[in-house]
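Colleague: turn this into a structure:
(2 chains)
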Amino acid sequence: MVFIKIKHILMKELAIIYKWDVLIMNTKLKVKYLYWFIYMMNLLIIIFLSISIYNTSYKICEDFKARSFLESAKYLPLIPSKIPLYTISLMLILGLSAIVKSFFHQKNIYIVILTILFDIIICIYITYYLNYSYKGMFLFLAATILLYVSLTDIRMILLISTLITYILLDYDLLSVNANIVSFQNYINYYPEQTRMYLYSIKNILTSLNEILFFFLAISMLQAKIRENKIYIELNNQLKEANKKLESYAQESMQNAKMKERNRLAREIHDILGHSLTSIATGLEAVLELLEVNFDVAKSQLIKIQEIAKKGLVDVRRSVKELKIDSIEKYALIPAVEKLIEEVNQFQGTKVTFSLEGNVMKMNGDEEQTIYRVVQESITNAIRHGRAQHIEVKFSFEYYQLNIVIKDDGIGCSAIQKGFGLMHMEERIRMLDGTVEFDSLEGKGFTTKLLIPIRWGNAYD
Amino acid sequence: MKKKVKIGTGIILILTLIIGAYQYDTYNRQKTVEIKFGVYSGNKWKIPHIDTYKIYDEAIRLFEEQYPSAKVKVTYRSGTLMEDYSEWLAQKIVKGEEPDVFIILEEDFNTYASIGLFEDLRSFMREDNSFNQKVFYQKALDSGKYGHHQYGLPMGIAPTFMIVNQTLLNKENITIDKEHWTWDAFYNICQAATEDTDADGMVDQFGVYGYEWDDAFYTNDDMLFSDNGLKIAFQNEKLYETIDFMKKMYVLNKGTVVKENYFDKGYVAFKTFSLPEYRAYTSDTYRLLRYKNFEWTGIPFPKGASGESISRLDTMHLGMSSRSKNKAVAWEFMKFLTANPTIQEKVWKDTYMLPANKEVVADIYSSISNREDKKILQPEFLNHIIENSYSAPRFKKYQELKNILDQNIFLIIAQDKDIAKGITETKRTLRENIKQ
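Modeller: Residues are numbered from 1 along each chain as shown, chains lettered A, B, ... in the order given. Reported below is the predicted structural model:
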């Protein structure tokens, strides 16, 4: 019962952990979706910008405004046909790199760091090819770092490097030294309305990208908070479960105590009961004999004395066993033979013992139980059945021992299981064996035992 | 086993890459190198020119011959007029398809230099042992510089100078003191030369034809505008002196407008020329027996109160695109056009310009017999003119700003306006225009 309860608790705990895992997985999946959404957003912006630059370049030429464009541009523009080709290819490489990272991020941190450094270079090139007019893919890079680098120190270093690169790539800062035409130069070519239109598209897309990154950061933060919360919750639940387990342990201890008490009771019943029954029946006989034959009565009394001494020894042994909690090893068959010999010595009851099959070596508890059961059965046959003749038959089969104890006592029409029989049943059941009682009024009493012998050194 | 297969595949891949790259490289080497050359037809002096492309065709033929098995090919697009050249080139630049080597228009020079279109030629000049920059007129080479960078290599130059009607001066008993060739000396001679010879009440003998305010300005001040054309750089008092001087000169003619043919007829003491104009003017093609009835000689511009005797030098520069894929060959081609004596001789023969290679000029001087040419090619005179020269501003808006100046100064002179006030107004107009 206790074990079932513990099992139940553990199952519950597993369920909590699983639920927690699912929650975290869900959040991670959400973050991952957001991450790829940011990537797609950047790809879209880059396609928009590069194609705008490309188209504007050709429109400028068509309108014969190239010379004045160059005058306002201040810097040599990049070759327009290369801008979409290079930027989009680089962006696709950035995507591939992200896929590589998703494969390696739990296996090899060095590959992840290396690819991130590689990504920084790619981002620099994309920025360069877009005339430094767009740097949003650095947000994607930051998201990559947040997502794939879990080592706090390295993450910090990479984020700071990304930030520094981002700041250094500023058009206004760079245009002092480098030859760049800003996207604005291209946009400025258009009339006011088109310019506004193009600017709004660029701004909306850029803002969306920023918002997405913001969401990603928030979700990651939330995931972290939730993770902590769940962790605390789980911790509490575990504590509670532990408490329960402790109380079950207490209960279990109590049970053990009870068991021990029962065992003690059985021992007393078995040993003292047997001895005292022998003494009592012996003394009854002596009382009758005293008037008939004093000498015989005397010798009987000596035998009774022996039985009493034996009983005392048994009690001592039993107490000793209880004390040291170890069972003295008997060889079962000699012990049973000795027990039968003892009974035969002084009572009117005749006990016969037969043995079939190869004797198997059994464990101490098995031997102990069998001995006690045989002892109990004989005692019952004498005490309750007033049997004249008792047959004890041991037959060993393949990893199985059949015991039949048959008496010719008074028997009974309905078996009323007293403490002794109940106790016998319990003991046999503990060995996974079966016990059968069979009796009819005036036809004696039969006890059939079937005890499986545990694998081990049975045939040694 | 698996590992071995992996390593093997890796090695094969790397080998394939190396061999592929090598093959690609050899393929590229064997491929014909095409140099695109940007040229225009026409010239800044509006001199009719029958075959602009003759010199280029020949130069290309000779250049390609230097490379056996036709590995190098030079192409150019003919038919671009000088007026359209700037936009044509700009479109090519915007599209990233500009020629490897091209003629640099003066008005484009500063813009393209500042945007980084030009390849800096200094490393080529330094590393090419067969190149000697001393063969060029220093001024011509220097005008191809922008800051420390050498962006242009001169192919032909056009110095500006005056010629003087010696016969007229002799007749009037005027002698020129070349040691003190100042505005005052110039004015005095012009004053003395200006006469009403037939006493009909109209001046019919004049001091000078074609002498403009900017000719005077540069002999008194350094520059009109900053290099990028964003700032006015002249000093008010120097422009004041210039206009004042021009006013005095203008008054001499008493309102008579001097026409170009007056000089041809011998009625004008001085005339300004650029070399191409002079050569076109004196060439047999246009006017036979021109200036037959008087003797003339070249003379530098007179110097102003605080300036030097200097005149404008126009230089036709070649530039290389910094994005050229065949820079080494492009450099060879540039070098061929600018320094090679054969081509430089053709500059003299087929264009009206002076070769940029001064050694070639010396050779031409000693070999030609043309009297008119000989007068100008006379080394002492020519070197003096070139050494003491300036380049006109080379930013895009210059022509626009120059027009404003021309107009305003003409009004100050012709309407006898207050000079100081006129300069202030002019500066305001200029600033407004620069800001646009």
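Colleague: please parse chain A into its domains.
Modeller: A:2-242, A:346-460 (automatic domain parsing).
Colleague: next to chain A, which bits of the stretch 301-436 of chain B? Give me the list.
Modeller: B:Ser322, B:Arg323, B:Lys396 (C-beta under 8 Å from any C-beta of the partner chain). Placement of C-beta: from N, CA and C, glycine included.
Colleague: which one (most neighbours) among those?
Modeller: Among these, B:Lys396 has the most neighbours (other C-beta atoms under 10 Å in any protein chain shown), with 21 neighbours.
Colleague: got the phi and psi for it?
Modeller: phi -60, psi -40 (degrees, to the nearest 10).
Colleague: ok, so of the residues of the stretch 301-436 of chain B next to chain A, who is nearest chain A?
Modeller: B:Lys396 (5.4 Å; C-beta to the nearest C-beta).
Colleague: grab the nearest non-local neighbour of A:Lys350.
Modeller: A:His389 (5.0 Å; C-beta to C-beta, 6 or more residues apart in numbering or on different chains).
Colleague: ok, the one you found touching A:Gly348?
Modeller: No: counting by C-beta atoms under 8 Å, A:His389 does not reach A:Gly348; the two are 9.9 Å apart.
Colleague: looking at the two, which is more packed in?
Modeller: Comparing A:His389 with A:Gly348 by other C-beta under 10 Å, the one with more neighbours is A:His389, at 15 against 11.
Colleague: quick one: residues contacting that one.
Modeller: A:His389 sits next to A:Thr349, A:Lys350, A:Val351, A:Thr352, A:Asp407, A:Asp408 when contact means C-beta atoms under 8 Å, 6 or more residues apart in numbering or on different chains.
Colleague: give me that answer again for 10 Å
Modeller: Going by C-beta atoms under 10 Å, 6 or more residues apart in numbering or on different chains, A:His389 touches A:Gly348, A:Thr349, A:Lys350, A:Val351, A:Thr352, A:Ala381, A:Lys406, A:Asp407, A:Asp408, A:Gly409, A:Gly444.
Colleague: cool, and B:Ile60?
Modeller: B:Ile60 is in contact with B:Ile35, B:Phe37, B:Tyr53, B:Val72, B:Lys73, B:Val74, B:Thr75, B:Tyr76, B:Phe333, B:Phe336, B:Leu337, counting by C-beta under 10 Å, 6+ apart.
Colleague: just the mean pLDDT for the one helix or strand the fifth one maps to, thanks.
Modeller: Element membership of B:Lys73, judged by DSSP states H and E, is strand B:72-76. Per-residue pLDDT over strand B:72-76 has a mean of 88.
Colleague: same question, stretch A:241-259
Modeller: Stretch A:241-259 comes out at a mean pLDDT of 80.
Colleague: can I get it in CSV, CA atoms only?
Modeller: Only the C-alpha atoms of stretch A:241-259 are listed here, as CSV (Å, rounded to 0.1, in the frame of the first residue of the first chain):
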residue,chain,number,x,y,z
ALA,A,241,5.9,14.9,-1.8
ASN,A,242,9.0,14.4,0.4
LYS,A,243,7.0,15.2,3.4
LYS,A,244,4.4,12.6,2.4
LEU,A,245,7.2,10.1,1.7
GLU,A,246,8.5,10.8,5.2
SER,A,247,5.1,10.1,6.8
TYR,A,248,4.8,7.0,4.7
ALA,A,249,8.2,6.0,6.0
GLN,A,250,6.9,6.5,9.5
GLU,A,251,3.9,4.4,8.7
SER,A,252,6.1,1.8,7.1
MET,A,253,8.2,1.7,10.3
GLN,A,254,5.1,1.2,12.3
ASN,A,255,4.1,-1.6,10.1
ALA,A,256,7.5,-3.2,10.5
LYS,A,257,7.0,-2.9,14.3
MET,A,258,3.6,-4.6,14.0
LYS,A,259,5.1,-7.3,11.8
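Colleague: so B:Leu224 makes contact with B:Ser391?
Modeller: No: contact criterion C-beta atoms under 10 Å: B:Leu224 and B:Ser391 do not qualify, at 11.8 Å.
Colleague: thanks a lot, catch you later.
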